[in-house]
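K.L.:
Starting from these lines, generate the structure:
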Amino acid sequence: MCIRQTALAAILLLVFIPALHAKEQLFRCVQSNGHLSFQKTRCVGEGSSIEVAAVQGGWVSLRPGEKTLLKFYRQRDAKRRQGRRKVAKKSKPVEDASCWKKRKQLDAVGRKLRRGYKASQGEGLRLRRKNYTEYLKKFCRK
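P.N.:
Numbering: from 1, shown residues only. I've put the predicted structure just below:
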């Protein structure tokens, strides 16, 4: 998680915590990798104490800066999801068609080998059969 996401999560956490006391003490801790965390227990390493006023139950709206940040994250995630869908839909039918074609070619070579062939064609047919089976093993499901 990046620092921005951690800070946003901490802000949202502070807004929605139902307080039992008039003030509650939280600790802002800096982890060894530089990330921030907010917790109710004292920090192991570096950190400071924060006094939080009691929050009444109910909804508190996001501030304008938080709203724009949330909108930005939603748009970015939507673009990423659209990109993944397009790639998955395009690649699967193409792979199936090429595998189907190779299987048909392998069947044709097998029929030709069983039916009979000229002596000069034998080596070429066996080589094509070998290449088709290797292709199917490597790129296609059984």
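K.L.:
give the contact list for Arg84.
P.N.:
Going by C-beta atoms under 8 Å, 6 or more residues apart in numbering, Arg84 touches no other residue. Quick note: C-beta positions are derived from backbone N, CA and C, even for glycine.
K.L.:
in which helix or strand would I find it?
P.N.:
Using DSSP states H and E, the element containing Arg84 is helix 64-115.
K.L.:
helix or strand right after that helix?
P.N.:
Taking DSSP H and E, what comes next after helix 64-115 is helix 119-139.
K.L.:
Distance from that next one to the middle of the chain?
P.N.:
A distance of 39 Å separates the centroid of the chain from that of helix 119-139, by C-alpha atoms, centre = their mean, to the nearest Å.
K.L.:
Just the CA atoms of it, as CSV, please.
P.N.:
Provided in CSV are the C-alpha atoms of helix 119-139 (Å, rounded to 0.1, in the frame of the first residue of the first chain):
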residue,chain,number,x,y,z
ALA,A,119,8.6,-43.4,-50.4
SER,A,120,10.0,-39.9,-51.0
GLN,A,121,7.1,-38.4,-48.9
GLY,A,122,7.5,-40.6,-45.8
GLU,A,123,10.2,-38.6,-44.1
GLY,A,124,8.4,-35.3,-44.7
LEU,A,125,5.1,-36.6,-43.4
ARG,A,126,6.7,-38.0,-40.2
LEU,A,127,8.5,-34.7,-39.6
ARG,A,128,5.2,-32.7,-40.0
ARG,A,129,3.4,-35.1,-37.6
LYS,A,130,6.2,-34.6,-35.0
ASN,A,131,6.0,-30.8,-35.4
TYR,A,132,2.2,-30.7,-35.1
THR,A,133,2.2,-32.8,-32.0
GLU,A,134,4.9,-30.7,-30.4
TYR,A,135,2.9,-27.5,-31.2
LEU,A,136,-0.2,-29.0,-29.6
LYS,A,137,1.6,-30.0,-26.5
LYS,A,138,3.2,-26.7,-26.1
PHE,A,139,0.4,-24.2,-26.9
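K.L.:
Perfect, I'm done here.
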